[in-house]
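Participant: the sequence isn't on hand, but the structure is:
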């Protein structure tokens with residue numbers, strides 16, 4: 001990583017490391033004590049498939065968005081070093097995240113896959129699904 005990129009990201013990494021040591025660590029312990037679970041049916045036997053997450057899990061979502069843990073490589077501020085910057089932040093975050101880094105990895109994988117496709121193909125695919133579902137209903 002060139003010195004100019006390092007000097008730009010280093011203060012953020014130090015600040016984030018402190019946030020991980022305090023906020024993220026305690027939230028991660030709560031996430032592990034209260035993992036997400038799926039409620040398949042309600043009290044009347046109706047299928048609902050509701051994913052229930054703790055307040056700590058919801059707080060991890062806010063923190064990961066504030067910190068750009070998925071967005072950094074797509075914003076591409078540091079060109080080919082943006083992905084490295086993201087990986088360093090994730091290396092700081094993951095051990096204390098209470099497994100919240102797992103959905104982040106899945107989101108990043110989906111974003112990377114979709115970023116390799118043309119927008120016209122995605123739009124065309126969505127439009128045809130909308131037309132076909134409106135005809136059948």
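Facilitator: It's in. These figures come from a predicted structure and were not determined experimentally.

Participant: any chance you could map the helices in the protein?
Facilitator: For the chain, the helices defined by DSSP state H cover 3-19, 25-33, 55-67, 72-75, 82-93, 101-115, 119-136.

Participant: okay, which residue is most central for this structure?
Facilitator: In the chain, the centroid-proximal residue (Cα atoms, centre = their mean) is residue 104; its distance is 3.1 Å.

Participant: that residue: what's it in contact with?
Facilitator: Applying Cβ atoms under 8 Å, 6 or more residues apart in numbering to residue 104 gives the contacts 64, 69, 70, 90. In short, each C-beta sits where N, CA and C put it, glycine included.

Participant: surely residue 53 and residue 36 touch.
Facilitator: Yes - the criterion here is Cβ atoms under 8 Å, and residue 53 meets it with residue 36 at 4.6 Å.

Participant: so for residue 46, which of the helices of the chain sits nearest?
Facilitator: helix 119-136 (22.8 Å; Cβ to Cβ).

Participant: before we move on, back to that, against residue 55, how distant is the residue nearest to the centre of the chain?
Facilitator: 18 Å (Cβ to Cβ, to the nearest Å).

Participant: kindly report the same for residue 115.
Facilitator: Separation of residue 115 from residue 55 (Cβ to Cβ): 32 Å.

Participant: same question, residue 12
Facilitator: 26 Å.

Participant: tell me which of these two has more neighbours.
Facilitator: Legend: neighbour count by other Cβ atoms under 10 Å for residue 12 and residue 55, higher for residue 12 (15 against 11).

Participant: wait, what's in contact with the closest residue to residue 82 other than its chain neighbours?
Facilitator: Ranked by Cβ to Cβ, 6 or more residues apart in numbering and with sequence neighbours excluded, the top spatial neighbour of residue 82 is residue 73, at 4.6 Å. When contacts are counted by Cβ under 8 Å, 6+ apart, residue 73 touches 82, 83, 85, 86, 108.

Participant: and if we set it to 6 Å?
Facilitator: Contact analysis of residue 73 by Cβ atoms under 6 Å, 6 or more residues apart in numbering lists 82, 83, 86.
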